[in-house]
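> this one's structure only:
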């Protein structure tokens, strides 16, 4: 790799002291990327951009928000009504959160389909799951801040879960609350942590990209890069493709912001929190619904372990189990393109996740064509864990994959070299 | 479609093809539209920090002067700051008008500081370092010039609110105001 | 072949996702809401100023006795077309609490445009005491706080009927076809001719319900017109920019192979 020399004297001066220009050149410009990436590879950069949008809008919103139980709800309404463009920033921040999860879930499913979690990218995957957990904590606390009915009651239900921990559970909950129920101390600390965590996520994203750049991106064939004939420079090919993807995303995002800003929300959260009135249906934000369904699916004790604790373990376990994916999947073949059985079962898994979400939105006693929602939730929860713990390892060992192309180049050039 | 073997533009003996200039045009126009759009998108983040509508609604305050008798001072709040309103006595007006300009640290005739001579309206913040001068209440010290006295660093203001002695560099500021009627003013 | 299966699964997933939205509705909440046509519907909707002003009259005359609008300021009424002097008069007609004065007491004074709408009761407890334990909710956000928004509000206000013979009404409750549980503490607030409209419109119950629903939608979302206007411009801009980016992308990628 030839060392690039810069002609501009200012650039040279900086470069000698802090090689930022050659760094950017290496990582963003000439950086070799597989030439066959499809649009499912756009979602990583989209997630990064949405993170920046969330931080920028969040910082300006925080200038007008008051984290006190007597003023929080009114301060948000002041932002909506009196602060210049306050309604716009609030709706961008609110819908941006939903968009962030849509993007990250697609990004995650992309990884599962194409085997992006397999060696040597296991750590990249693990960092990704940690980012997801940090996002969930951030979103959960952020939702409490407007201090609406759902804010308060979702906070109450979820923090109460920690009482399931044996022996020290109650102390943990009291510690989280800073009191004997969700109240002002809780709101204040959630504000502090909600402001902090996005910067932790930012650092994690940096580490995530660092890990990515070591072994470069996976690609739809799952076949390793073998030489420069398999790659193209990131700029201009993927910079422009990412920009285009960003444009498409912004159209969808801005449609919600301007024409359906409360689509993802709950009307009950426009009622100020009342600790003495419980809403008829406590529902978390849509991106938590599948985990909520898993939590509520466990209604039976196992031996001396209470159902509540198993439910909590299952709920957190459903995300933590993803960390083990690189080792549960023993297939030598990465991409589902060449794994006919895994591919079909993958889509069943996706549908199962949607079913879990739908169950989470309903009350457990609701019925669907005579079937109790609870049973559907239990079946879907069972399948979720069965898929990851049993099916994936089994299929990976028993399946006969399709023959892989010799190289990326060979896969993309139609019948012969050019 | 021209069959470009080279990814870049023209070679020395080929004229610059329409292809390249078309590509450049698309690049430049797209980049321009993108940059302009991004800049416009940043504006709400900046403008949100400007005073909000409820703050601007309190940017002017109306004050009813009818209850303020001759020789009485009241203090009202305008934009978060105290405003001294004094219904001056004839003597105070005469004294104020008689002061020669060269005796003043910040020369300003009394007529320039009032719209109606019996009503002195000024921002009650010392122009030195921002303390609130004493003199509004009848038992307050009024300094050596019969007006106001700032206890922080000893600035003396006269019956027109002008600095006469002490570290303050300027006369007490006159806020923008108008008489809506004989006894009603709007400040700001 | 597998592509079709992939598409089928995706379509099923999307259908289920759409079902998510409908999922909450299947959980037994009131009757189906007839869809109304509002001036503020759609991408280009605006608030019918005349209707909103009539709606304000209804709120001020009928509802304000029990329901606050404390997140809205009198000066905001310019947004439905009231003039400065009209706003001053509306504000001054109500008393707001101010103070403490130099004696340390809170006192009442006539409202100013910069004040928020005067509260009918000093606090929630006073409100409950005056209403048999029921708390009349503040209406500033009511259309955003109820599923069905203006449609729900209209149906509620026009939904007072005689209770069916087999229904046992609890003490002090009134039958309403739309309210969840069908028993509402509020007596039917609208009666024909309850308000006299300045513009001569006939004050029937459906008319007043429509007008007050328009006004309250505005009260909850005063930014809506600006939001939709800006949205049209932003989306048009983005569509143009994205088309240009696509053309540029195709052009840059054309070189490959």
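On my side now, so go ahead. Please read all numbers here as calculations on a predicted model, not as lab measurements. Numbering: from 1, shown residues only, chains lettered A, B, ... in the order given.
> and the helix or strand of chain B with the lowest mean pLDDT, what does it pack against?
The weakest-scoring helix or strand in chain B, judged by mean pLDDT, DSSP states H and E, is strand B:61-64 (a mean of 88). On a contact count with 3 or more Cβ pairs under 8 Å, 6 or more residues apart in numbering or on different chains; DSSP states H and E, strand B:61-64 meets strand B:73-78, strand B:184-187. Backbone N, C-alpha and C define where each C-beta goes, glycine included.
> got the residues of chain B near chain A?
Within reach of chain A by Cβ under 8 Å from any Cβ of the partner chain, chain B has these residues: B:34, B:44-45, B:47-50, B:52-55.
> quick one: buried ones out of those residues?
By neighbour count, with 16 or more other Cβ atoms under 10 Å in any protein chain shown, the residues of chain B next to chain A hold B:34, B:44-45, B:48, B:52-54 as buried.
> okay, helices next: where are they in the stretch 51-200 of chain C?
C:84-92, C:124-130, C:149-157 (DSSP state H, counting those that start in this stretch).
> before we move on, back to that, secondary structure for the residues of chain B next to chain A - can I get that in TSV?
Formatted as TSV, these follow (DSSP: H, G, I helix; E, B strand; the rest coil):
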residue	secondary structure
B:34	helix
B:44	helix
B:45	helix
B:47	helix
B:48	coil
B:49	coil
B:50	coil
B:52	coil
B:53	helix
B:54	helix
B:55	helix
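> got those residues as JSON lines, with pLDDT columns?
JSON lines is the format used below for the residues of chain B next to chain A (pLDDT from 0 to 100):
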{"residue": "B:34", "pLDDT": "96"}
{"residue": "B:44", "pLDDT": "97"}
{"residue": "B:45", "pLDDT": "97"}
{"residue": "B:47", "pLDDT": "96"}
{"residue": "B:48", "pLDDT": "96"}
{"residue": "B:49", "pLDDT": "95"}
{"residue": "B:50", "pLDDT": "95"}
{"residue": "B:52", "pLDDT": "95"}
{"residue": "B:53", "pLDDT": "94"}
{"residue": "B:54", "pLDDT": "93"}
{"residue": "B:55", "pLDDT": "91"}
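> for these, work out which two are farthest apart.
B:34 and B:54 (35.7 Å; Cβ to Cβ).
> which helix or strand contains residue B:21?
Per DSSP states H and E: residue B:21 is located in helix B:18-47.
> show me what that helix packs onto, helices and strands only.
The contact analysis (3+ Cβ pairs under 8 Å, 6+ apart) places helix B:18-47 against helix A:43-62, helix A:86-114, helix C:224-254.
> just name the most buried of those helices.
Scoring the helices and strands packed on helix B:18-47 by mean neighbour count under mean count of other Cβ atoms under 10 Å in any protein chain shown gives helix A:86-114 as the most buried, with a mean of 21.
> wouldn't residue B:146 be in contact with residue B:94 here?
No - under the criterion of Cβ atoms under 8 Å, residue B:146 makes no contact with residue B:94, lying 11.5 Å away.
> show me which of the two is the more surrounded one.
Using other Cβ atoms under 10 Å in any protein chain shown, the more surrounded residue of residue B:146 and residue B:94 is residue B:146, with 17 against 13.
> contacts only, for the residue nearest to the more buried one when sequence neighbours are not counted.
Once flanking residues are discounted, residue B:146 sits nearest to residue B:159: 5.3 Å by Cβ to Cβ, 6 or more residues apart in numbering or on different chains. Residues near residue B:159 by Cβ atoms under 8 Å, 6 or more residues apart in numbering or on different chains: B:88, B:92-93, B:95-96, B:120, B:145-147.
> from those, which is closest to residue A:153?
residue B:120 (57.7 Å).
> pLDDT of the helix or strand hosting that closest one, averaged?
Per DSSP H and E, residue B:120 falls inside strand B:119-123. What strand B:119-123 shows for mean pLDDT is 96.
> could you do stretch C:198-214 as well?
Stretch C:198-214 shows an average pLDDT of 96 in the prediction.
> residues making contact with it?
C:36, C:38-40, C:47-48, C:50-52, C:54-55, C:57-59, C:62-63, C:143, C:150, C:153-154, C:157-158, C:190-197.
> flag every buried residue along that stretch.
So stretch C:198-214, judged by 16+ other Cβ under 10 Å, has buried residues C:203, C:205, C:207-214.
> closest to residue B:136 among those residues?
Set against residue B:136, the nearest of the buried residues of stretch C:198-214 by Cβ to Cβ is residue C:212 (48.5 Å).
> leaving out the residues flanking it, which one is nearest to the residue of chain B found nearest chain A?
Here chain B gets closest to chain A at one residue, residue B:44, 3.6 Å apart by Cβ to the nearest Cβ. Excluding its sequence neighbours, the residue lying closest to residue B:44 (Cβ to Cβ, 6+ apart) is residue A:85, at 3.6 Å.
> list the contacts of that neighbour.
B:44, B:47-48.
> return the distance of it relative to residue C:78.
As judged by Cβ to Cβ, to the nearest Å, residue A:85 and residue C:78 stand 19 Å apart.
> now the closest residue to chain C within the stretch 1-150 of chain A: how far from residue A:110?
Nearest residue of the stretch 1-150 of chain A to chain C: residue A:87, at 4.4 Å (Cβ to the nearest Cβ). Separation of residue A:87 from residue A:110 (Cβ to Cβ) stands at 34 Å.
> hey, where'd the strands end up in the chain?
This is for chain A. Counting by DSSP state E, chain A has strands at residues A:32-34, A:231-233, A:367-368, A:371-372.
> nope, chain C
Going by DSSP E, chain C shows strands at C:95-98, C:107-110, C:174-175, C:183-184.
> which one of those strands lies closest to residue A:231?
Shortest distance between residue A:231 and those, using Cβ to Cβ, is found for strand C:183-184: 67.7 Å.
> pLDDT score for the residue lying closest to residue A:254 once chain neighbours are set aside?
Leaving aside its sequence neighbours, residue A:254 sits nearest to residue C:234 (Cβ to Cβ, 6+ apart; 5.2 Å). Per-residue confidence for residue C:234 comes out at a pLDDT of 97.
> residue A:308 now?
Taking residue A:308 on its own, its pLDDT is 92.
> any figure for the gap between it and residue A:295?
Applying Cβ to Cβ, the value for residue A:308 to residue A:295 is 9 Å.
> which ones are touching residue A:244?
By Cβ under 8 Å, 6+ apart, the neighbours of residue A:244 are C:242, C:245-246, C:248-249.
> the closest residue to residue A:221 other than its chain neighbours and residue A:399: what is the separation?
Once flanking residues are discounted, residue A:221 sits nearest to residue A:411: 4.8 Å by Cβ to Cβ, 6+ apart. Per Cβ to Cβ, residue A:411 is found 20 Å from residue A:399.
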